[in-house]
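1. take this sequence and fold it.
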Amino acid sequence: MDTSVKDKMDIQILDRTYPIEVSPDNRAALELVVSDLNQKLNLFKSKYSNKDKQDSLAMVALQLAVELSEFQQEFEAVAEAEHLLNKLNDALDQVV
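-> Purely as a prediction, here's the structure:
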């Protein structure tokens, strides 16, 4: 598929609409991300009703950054385990 073709769509975050262009291949993923983001924002707003929208955005951004960091650490651990398993497999191949 031609990645230069873009769909225009509006996304809504905290009662604000943002027009964006997205490739058709990424549209569904973007919709899921926006939905997840709005759920997290609404949860934060319901817990801390006295906070303004900027506080909500900042705290959700921090939460997402922590989740990303944890995911990256898990990914690195899996990559290291895969590397060690490959070395073990190579050693076993040399014995056989």
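2. contacts only, for Ile20.
-> Going by Cβ atoms under 8 Å, 6 or more residues apart in numbering, Ile20 touches 8-11, 30. Every residue, glycine included, has its C-beta placed from N, CA and C.
3. name the element it belongs to?
-> strand 16-22 (DSSP states H and E).
4. for that strand, could you pull out the residues that count as buried?
-> Within strand 16-22, the residues that qualify as buried are Val22, counting by 16 or more other Cβ atoms under 10 Å.
5. where in this structure is pLDDT low?
-> Within the chain, the stretches with pLDDT under 70 are 1-3.
6. follow the chain on from the helix or strand where Ser46 lies and name the next helix or strand.
-> Taking DSSP H and E as the definition, Ser46 sits inside helix 24-47. Per DSSP H and E, the first helix or strand lying C-terminal to helix 24-47 is helix 53-95.
7. who does that following helix touch, helix- and strand-wise?
-> Applying 3 or more Cβ pairs under 8 Å, 6 or more residues apart in numbering; DSSP states H and E, one finds that helix 53-95 makes contact with helix 24-47.
8. keeping just the C-alphas, turn the helix it packs on into PDB.
-> Written as PDB, here are the backbone C-alpha positions of helix 24-47 (Å, rounded to 0.1, in the frame of the first residue of the first chain):
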ATOM      1  CA  PRO A  24      -4.900   4.100   6.500                       C
ATOM      2  CA  ASP A  25      -2.700   1.400   8.000                       C
ATOM      3  CA  ASN A  26      -2.300   3.300  11.200                       C
ATOM      4  CA  ARG A  27      -5.900   4.600  11.600                       C
ATOM      5  CA  ALA A  28      -7.200   1.800  13.800                       C
ATOM      6  CA  ALA A  29      -4.100   1.900  16.000                       C
ATOM      7  CA  LEU A  30      -4.400   5.600  16.500                       C
ATOM      8  CA  GLU A  31      -8.100   5.300  17.400                       C
ATOM      9  CA  LEU A  32      -7.200   2.700  20.100                       C
ATOM     10  CA  VAL A  33      -4.500   5.000  21.400                       C
ATOM     11  CA  VAL A  34      -6.800   8.000  21.600                       C
ATOM     12  CA  SER A  35      -9.500   5.900  23.300                       C
ATOM     13  CA  ASP A  36      -7.000   4.600  25.900                       C
ATOM     14  CA  LEU A  37      -5.600   8.100  26.400                       C
ATOM     15  CA  ASN A  38      -9.100   9.500  27.000                       C
ATOM     16  CA  GLN A  39     -10.000   6.700  29.400                       C
ATOM     17  CA  LYS A  40      -6.800   7.400  31.400                       C
ATOM     18  CA  LEU A  41      -7.600  11.100  31.400                       C
ATOM     19  CA  ASN A  42     -11.200  10.600  32.500                       C
ATOM     20  CA  LEU A  43     -10.000   8.300  35.300                       C
ATOM     21  CA  PHE A  44      -7.500  10.800  36.500                       C
ATOM     22  CA  LYS A  45     -10.100  13.600  36.400                       C
ATOM     23  CA  SER A  46     -12.600  11.500  38.400                       C
ATOM     24  CA  LYS A  47     -10.000  10.800  41.100                       C
END
